[in-house]
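> Got a predicted structure plus its sequence, pasted below:
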Number of protein chains: 4
Amino acid sequence: MDDATARIEDAKQLVREFCEARDWDRFHNPKDLAVGISTEAAELLERFRFKTPEQCSEILRDPELSQGIREELADVFYFVLRFAQMNSIDLYSALEDKIAKNGEKYPVEKSKGNYRKYDELS
Amino acid sequence: MDDATARIEDAKQLVREFCEARDWDRFHNPKDLAVGISTEAAELLERFRFKTPEQCSEILRDPELSQGIREELADVFYFVLRFAQMNSIDLYSALEDKIAKNGEKYPVEKSKGNYRKYDELS
Amino acid sequence: MDDATARIEDAKQLVREFCEARDWDRFHNPKDLAVGISTEAAELLERFRFKTPEQCSEILRDPELSQGIREELADVFYFVLRFAQMNSIDLYSALEDKIAKNGEKYPVEKSKGNYRKYDELS
Amino acid sequence: MDDATARIEDAKQLVREFCEARDWDRFHNPKDLAVGISTEAAELLERFRFKTPEQCSEILRDPELSQGIREELADVFYFVLRFAQMNSIDLYSALEDKIAKNGEKYPVEKSKGNYRKYDELS
C-alpha cells in the first residue's frame, strides 16, 4: 500500500499492532508520547542544522541522506499515529477542523504570498 | 471523512490546497517545515509540562482541554503531511519500512513489556 | 574555575574563542543558533524518554549515564551562551528581568506548592 | 549585576530562591525540567519560523521584537540553571569539558570556515 491507497486507519493499525505485540500500552501515556513526537521532530530538524538552503536541497537529492530524512519523518509520523490511536483522536477530522480554523486566521486575500503571523496581518 | 475512510493522500491533498491557495510553496522549504514540525510538537508537549500522570489523564477527559490537545496534534500532522508532500515522501511506505527496521531492533521476545533502548537490550 | 568562581562572561568567552578559532561566526546566525539550542535540548530530554521517575533518578545516580546528562546540558548551555554573545544579550540582566516578571504572574501566596499556569490561578 | 560581574552561581541562586519561595522543588524532577528546557527552546525558535535571514536580522534590530527574543532566551537559561542546581551539575566545568571534547572532534585545521559534522570531516 501507499499514500494513495492506504487509509489513515491502516497506518494507525500498523503502529498499534507493532506496539501491542510488545505490550507497550503501559508506557504510552500521553505525556511520554508527546515527548516521543518532540524528540523525533528534533532529530529530523537536526539534519538541517547549520545548513544553507543549497545544502538542504542537496540533502534531499542525495539518495542516502534523503533516506535518513524519510526515516526521521516516519518516526514522527509513528508517534503522531500512536498518540491519536491511544487517545481516540480522529486525525482526519482534527486536521479538517484545524484547517478550517486556520482559514479564518489566514484569509486567502491577506495571506497570499506572505507569511506573517495572523496577528501581524493588517 | 474520517480516519476509517480517508486515505493518507486525501489528508495530504487537504493541506496542499490550503497552502497553494495562499501561494506558500516558496516558504515551505524542508528546513523551515522541520522547524514547523518541531515547534508544533513542543506546543503539544507544553500542555503536559509539570503535570502528574493523573493531571494528564484529567486533561484528556476535560472537553475543552482535550480539544486543545487535538488541535496541537493536528498542527503537527499538518506539517508532517506538508513536509511529505513537498519532498515527495510516501508516508505509508516510509512508516512500513521504519516499522520493519524497528522490528529487528526491538524483537518481540526481548522487548515485551519493557522499554529499554535497543542498545540496552541484552 | 567552577560556577562559584566563573563569571557568566568567562563562560561566554570560552565559547567565543572556540567558535572564532574555527571561523564559525558566519554560520551562527540567530535562527540556526535557536535550532542548535532546540535540538540539543531534545537530546537531553531524549535521555528521559519513556522513563519512570524511579528510572530517571537511577540515571542521575549512575556515573556513566549522569555524565551523559551533564554533557547534553553543557551542549544546551553552549548554544545559549553563543546566542547571547552573538546578539549582545546580557544573560544575567535578562534573567533578572524575566524573574521579576514571573514573580508578578506567579505571586508567592498563590503559587506556593502548586504549579498551575498563571492563567489558571484564581 | 551583569554578565561581566555575576558569577554563574549568582544566576543559579537567583533561580533557586525564586523556586524555593514557591515550594516548587517537588515539581522540578529532571524529566520535567528537561521538558521545560525543550519547550522554552522551541518558543525561542518559533520567533524565527518561516523568516528569511533578512527578517531575522530585522527582528533583532526591532526594540520590541528583540525584547521578546531576550525573554525567550532568559526562559531557557532559567531552566538550564535550575536543572544544574537541582542535579548538582557544575555548568562551568561541564562546559569546559565539553569544549575540550568538541575540540578533538572538530580540530581547528579541519573545521576552519566549514561546518560539516565531525563524521563528515575527511
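That came through, no problem.
> if you look at stretch A:76-94, does any of it touch chain B?
Yes: counting by CB under 8 Å from any CB of the partner chain, chain B has neighbours in stretch A:76-94: A:76-78, A:80-81, A:83-84, A:87, A:89-94. Quick note: C-beta positions are derived from backbone N, CA and C, even for glycine.
> scratch that, stretch A:5-22
Yes: if you take CB under 8 Å from any CB as the test, stretch A:5-22 does meet chain B, through A:5-12, A:14-15, A:18, A:21-22.
> Give me the residue at the spatial middle of chain A.
The residue lying closest to the centre of chain A (CA atoms, centre = their mean) is A:Phe77, at 5.0 Å.
> hmm, which helix or strand of chain A has the shakiest average pLDDT?
helix A:108-111 (a mean of 89; mean pLDDT, DSSP states H and E).
> Quick check: the residue nearest to the centre of chain A touching B:Tyr92?
No: if you go by CB atoms under 8 Å, A:Phe77 and B:Tyr92 don't touch, sitting 9.1 Å apart.
> Just give me the neighbour total for the residue nearest to A:His28 when sequence neighbours are not counted.
Excluding the flanking residues, the one nearest A:His28 by CB to CB, 6 or more residues apart in numbering or on different chains is A:Met86, at 5.3 Å. With neighbours defined by other CB atoms under 10 Å in any protein chain shown, the count for A:Met86 comes to 18.
> about what we covered before: who touches both of A:Phe77 and B:Tyr92?
A:Ala11 (CB atoms under 8 Å, 6 or more residues apart in numbering or on different chains).
> shaky segments in chain A?
A:117-119, A:121-122 (pLDDT under 70).
> Please identify the buried residues of stretch A:42-62?
Residues of stretch A:42-62 classed as buried: A:42-51, A:56, A:59-60 (neighbour count, 16 or more other CB atoms under 10 Å in any protein chain shown).
> repeat for stretch A:10-28
Applying 16+ other CB under 10 Å to stretch A:10-28 flags A:Asp10, A:Ala11, A:Lys12, A:Leu14, A:Val15, A:Arg16, A:Phe18, A:Cys19, A:Arg22, A:Trp24, A:Phe27, A:His28 as buried.
> After whichever strand or helix holds A:Gly68, heading C-terminal, what element do we hit next?
According to DSSP states H and E, A:Gly68 maps onto helix A:63-86. Later in the chain than helix A:63-86, the nearest helix or strand by DSSP H and E is helix A:91-105.
> Please enumerate residues in contact with stretch A:89-100?
A:8, A:12, A:80-81, A:83-84, B:1-3, B:5-6, B:10-11, B:14-15, B:18, B:69-71, B:73-75, B:77-78, B:81.
> Buried ones among those?
Among the contacts of stretch A:89-100, the ones that count as buried (16+ other CB under 10 Å) are A:8, A:12, A:80-81, A:83-84, B:3, B:6, B:10-11, B:14-15, B:18, B:69-71, B:73-75, B:77-78, B:81.
> contacts with chain D among the residues you listed, please.
Answer for these near chain D: none qualify (CB under 8 Å from any CB).
> Now A:Gly113. Nearest residue, chain neighbours left out?
The shortest distance from A:Gly113 to any non-neighbouring residue, by CB to CB, 6+ apart, is to B:Asp23 (4.4 Å).
> That neighbour should be in a helix, yeah?
No: counting by DSSP: H, G, I helix; E, B strand; the rest coil, B:Asp23 is located in no helix; its state is coil.
> Now the phi/psi pair for it, please.
According to degrees, to the nearest 10, the main-chain angles of B:Asp23 amount to phi 60, psi 40.
> How much space separates it from chain C?
22 Å (CB to the nearest CB, to the nearest Å).
> of all the residues in chain A, which ones are close to chain C?
A:27, A:32, A:35-36, A:38-39, A:41-43, A:45-46, A:48-50.
> taking the buried residues of stretch A:10-28 one by one, which sit in helices?
A:Asp10, A:Ala11, A:Lys12, A:Leu14, A:Val15, A:Arg16, A:Phe18, A:Cys19 (DSSP state H).
> now, which of these sits nearest chain D?
For those, the residue nearest chain D by CB to the nearest CB is A:Cys19; the value is 21.2 Å.
> quick one, what contacts the closest one?
With CB under 8 Å, 6+ apart, A:Cys19 has these contacts: A:Asp25, A:His28, A:Arg82.
> that older thread, residues of the least confident helix or strand of chain A that come out buried?
For helix A:108-111, the neighbour count (16+ other CB under 10 Å) marks A:Ser111 as buried.
> Run the chain-centre distance for it.
When C-alpha coordinates are averaged (CA atoms, centre = their mean, to the nearest Å), helix A:108-111 and its chain have centres 25 Å apart.
> swap in stretch A:85-93?
On CA atoms, centre = their mean, the centre of stretch A:85-93 falls 14 Å from that of its chain.
> Identify the residues contacting A:Leu45.
Here A:Leu45 is in contact with B:Lys31, B:Ala34, B:Val35, B:Ile37, B:Ser38, C:Val35, C:Ser38, C:Thr39 (CB under 8 Å, 6+ apart).
> Among those residues, find me the one that's closest to C:Glu64.
Distances from C:Glu64 to these, taken as CB to CB, are shortest for C:Thr39 (22.9 Å).
> What count of nearby residues applies to that closest one?
By other CB under 10 Å, neighbour count at C:Thr39 equals 26.
> Can you tell me the SS state at it?
What three-state DSSP gives for C:Thr39 is helix.
> Now chain A against chain C: closest residue?
Counting by CB to the nearest CB, chain A gets nearest chain C through A:Ala42, at 3.2 Å.
> Identify the residue spatially nearest to that residue, adjacent ones excluded.
According to CB to CB, 6+ apart, the nearest residue to A:Ala42 is C:Ala42 (3.2 Å).
> Same list, the contacts of A:Leu45, but only the ones touching chain D.
B:Val35, B:Ser38, C:Val35, C:Ser38.
> now the residues you listed as JSON lines including neighbour count and distance to chain A?
Formatted as JSON lines, the ones next to chain D among the contacts of A:Leu45 follow (neighbours: other CB atoms under 10 Å in any protein chain shown; distance: CB to the nearest CB, whole Å):
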{"residue": "B:Val35", "neighbour count": "27", "distance to chain A": "6"}
{"residue": "B:Ser38", "neighbour count": "32", "distance to chain A": "4"}
{"residue": "C:Val35", "neighbour count": "27", "distance to chain A": "5"}
{"residue": "C:Ser38", "neighbour count": "32", "distance to chain A": "6"}
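> and which of those is nearest chain D?
C:Ser38 (4.2 Å).
> any idea how far B:Gly36 is from the closest one?
For C:Ser38, the distance to B:Gly36 (CB to CB, to the nearest Å) stands at 12 Å.
> Quick one: neighbours of A:Lys101, just the number.
That count, for A:Lys101 with other CB under 10 Å as the rule, works out to 12.
> need the contact list for it.
B:Glu71.
> Try it again at 10 Å.
When contacts are counted by CB atoms under 10 Å, 6 or more residues apart in numbering or on different chains, A:Lys101 is found next to B:Glu71, B:Ala74.
> quick one: contacts for the nearest residue to A:Asn102 once chain neighbours are set aside?
With sequence-adjacent residues excluded and distances taken as CB to CB, 6+ apart, A:Asn102 is closest to B:Phe18, at 7.2 Å. Residues counted as contacts of B:Phe18 (CB under 10 Å, 6+ apart) are A:Leu95, A:Lys98, A:Ile99, A:Ala100, A:Asn102, A:Gly103, A:Tyr106, A:Val108, B:Trp24, B:Tyr78, B:Arg82.
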